[in-house]
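K.L.:
Starting from these lines, generate the structure:
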Amino acid sequence: MDNTPFLTDQRRQRIEEVLAKRQKDLTLIINNVHDPHNVAAILRSCDAFGVYGVHLYYTKERFPAVGKRSSASARKWIARTRHQDAGKMISGLRSKGYQCLGTGFGPTARPVHEWDFTKPTAIVLGNEHRGMDQDIKMHVPDEIYIPMVGMVQSLNVSVAAAIILYEAWRQRKAAGMFDQPSFSKAELEQLRAQWASK
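P.N.:
Below is the predicted model of the structure:
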C-alpha cells in the first residue's frame, strides 16, 4: 500500500518555492541550548530566513523534546545533524569553506553588521547561561555580537538567532542569492521527494 501523502498542486508549488530559496551554506550550531521553547523558536527563525539545516552539539545537556506546536512544525523542515566532537565538527565545516563565528563579547568581537554573510557561514549559539562551551570556543576565535543601547547586555538566545539570521537574509537578498536555488537540480529533486513525504 502506498503511504505517500496526496499532494495538491498548491502544496507542491509551495514546496518548490521554499526549496528554491533554501540556503545550503548558511547554518547554525546549537550548542547545548536546553530550553525547548528557545530551540523551537530558533528552528522557526531558520525556516523563516531560508536556513536548510542546523548542527546540534549536545554534550552536557540532552537535546530537548521540541513540540510540534511550539515550533509551528518548523522542526519538520529543518535538517538536523548531531555532533559529539567539536574539533571534527568545526574542521569539517571549515573544509567546506565556512567561516565559523561564535556569539560573544570578547575583546575582538565585531558587531553583526560588519560580517559578510554572503560567504558560507556557521554561527554558534551557546547555552543560555554558560554561552559557548570551551571545547567549541577553542576552535572558533571569531565572535559576533548584536549592538544594544539598553542596560541589559544580552538577548534571549532565540531572539539573538532571529536578529543574526535576519541580517544574513538581508545581505544575501541584496546580493541576489535568493534569485536562484543554492542546491543542484539533483539535490532539489531528492529534497522534493523527501519533503513531499512529510
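
K.L.:
now this structure, which segments are flagged as low pLDDT?
P.N.:
The model of the chain has pLDDT under 70 over residues 1-6, 67-72.

K.L.:
quick one: buried residues of the helix ranked longest in it?
P.N.:
Ordering each helix of the chain by length in residues (DSSP state H) puts helix 157-174 first. Within helix 157-174, the residues scored as buried using 16 or more other CB atoms under 10 Å are 157-158, 160-162, 164-165, 167-169, 171-172. (C-beta placed from N, C-alpha, C; glycine too.)

K.L.:
distance between that helix and the chain's centre?
P.N.:
10 Å (CA atoms, centre = their mean, to the nearest Å).

K.L.:
And the contacts of that helix?
P.N.:
Applying CB atoms under 8 Å, 6 or more residues apart in numbering, the contact partners of helix 157-174 are 23, 26, 28, 33, 37-39, 41-42, 45-46, 48-51, 103, 112-113, 116-118, 121, 123, 125-126, 128, 144, 146, 154-155, 178.

K.L.:
Just the buried positions in stretch 92-112, please.
P.N.:
93, 98-104, 112.

K.L.:
now, which of those lie within helices?
P.N.:
Short answer: the buried residues of stretch 92-112 in helices (DSSP H) are Leu93.

K.L.:
Which other helices and strands does the helix or strand hosting Ile29 contact?
P.N.:
Using DSSP states H and E, Ile29 falls within strand 26-31. Helices and strands touching strand 26-31, by 3 or more CB pairs under 8 Å, 6 or more residues apart in numbering; DSSP states H and E, are helix 36-48, strand 53-57, strand 121-125, helix 157-174.

K.L.:
just so I know, which of those lies nearest Val18?
P.N.:
Val18 lies closest, by CB to CB, to one member of those: helix 36-48, at 8.4 Å.

K.L.:
which residues are in contact with that closest one?
P.N.:
28, 30, 33, 51, 54, 63-67, 70-72, 74-75, 77-78, 125, 128, 156-159, 161-162, 165.

K.L.:
now the helices and strands packed on strand 26-31 as JSON lines including distance to Lys198?
P.N.:
Putting the helices and strands packed on strand 26-31 into JSON lines (distance: least, CB to CB, whole Å) gives the following:
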{"stretch": "helix 36-48", "distance to Lys198": "13"}
{"stretch": "strand 53-57", "distance to Lys198": "14"}
{"stretch": "strand 121-125", "distance to Lys198": "25"}
{"stretch": "helix 157-174", "distance to Lys198": "22"}
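
K.L.:
closest to Gln84 out of these?
P.N.:
strand 53-57 (7.9 Å).

K.L.:
Name every strand pairing with that closest one and say which way it goes.
P.N.:
Strand 53-57 pairs in its sheet with strand 26-31 (parallel), strand 79-83 (parallel), by DSSP bridges.

K.L.:
Check which residues of the last one are buried.
P.N.:
By 16+ other CB under 10 Å, the buried positions in strand 79-83 come out as His83.

K.L.:
Right, I'll leave it there.
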